[in-house]
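Asks: Here is the input, now give the coordinates:
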Amino acid sequence: MNVADLLDRAKARGVRIATAESCTGGMVAAALTDIPGSSAVVERGFITYTNTSKQEMLGVRAETLDAVGAVSEQVAREMAEGALRHSHAQLAVSITGIAGPGGSEFKPEGRVCFGVAAEGHQSTTETVEFGALGRNTVRQQARDRALALLLHGLSNFA
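Replies: Below you'll find the model as predicted:
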């Protein structure tokens, strides 16, 4: 993933980006802001590691968290949509998952849910089972997938 290319494409389309991250703890925002000139595109990043922060900063509903838990496509959708609502961005990506170590039979280590919200378009979600590759590897792969989702999300904008 060429992050500079992603930023150039967003800038050319006049699209500002927001991130909403849990298990990656800001790695997507860091990858974006490592590139000089990223301030023309990166509007803001939310690190919402706890359920309370997801609710307070992004408006994730307590009912959703209670029903399906933080690591779910429903929460990823609410995170991405909340990042749009609480920013001046037109495109947002969210990440919530279990980087490890740990997990359970129902939510194994390496499960990461993503959401993408684009102004004026239907939000999308996906779950990737990276597997028990170790915390650092899961987080890096989740970061890279989120960057790819942002690049794809730019196709919503002419």
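Asks: is it fair to say Phe114 lies in a helix?
Replies: No - using DSSP: H, G, I helix; E, B strand; the rest coil, the assignment for Phe114 is strand, not a helix.
Asks: What separation is there between it and Ala92?
Replies: Distance, Phe114 to Ala92, by CB to CB, to the nearest Å: 11 Å. No exception for glycine: its C-beta is placed from N, CA and C like everyone else's.
Asks: who has more neighbours, those two?
Replies: Comparing Phe114 with Ala92 by other CB atoms under 10 Å, the one with more neighbours is Ala92, at 32 against 24.
Asks: Determine whether the claim that the more buried one is in a strand is correct.
Replies: Yes - under three-state DSSP, Ala92 sits within a strand.
Asks: Can you tell me which helices and strands the longest helix along the chain packs against?
Replies: As assigned by DSSP state H, the longest helix anywhere in the chain is helix 135-153. Under the contact criterion of 3 or more CB pairs under 8 Å, 6 or more residues apart in numbering; DSSP states H and E, helix 135-153 touches helix 3-13, strand 17-21, helix 27-33, strand 91-97, strand 111-118, strand 124-129.
Asks: Report all helices and strands that the last one contacts.
Replies: The criterion is 3+ CB pairs under 8 Å, 6+ apart, and the helices and strands that strand 124-129 contacts are helix 73-85, strand 111-118, helix 135-153.
Asks: Next, the angle from the last one to strand 91-97.
Replies: Computed by axes from the mean of the first three to the mean of the last three CA atoms, to 10 degrees, the angle separating helix 135-153 from strand 91-97 equals 150 degrees.
Asks: Contacts for helix 135-153 next, please.
Replies: With CB atoms under 8 Å, 6 or more residues apart in numbering as the test, helix 135-153 has contacts from 1, 3, 5-6, 9-10, 17, 19, 21, 23-25, 27-28, 31-32, 91, 93, 95, 97-101, 109-110, 112, 114, 116, 118, 126, 128, 130, 133.
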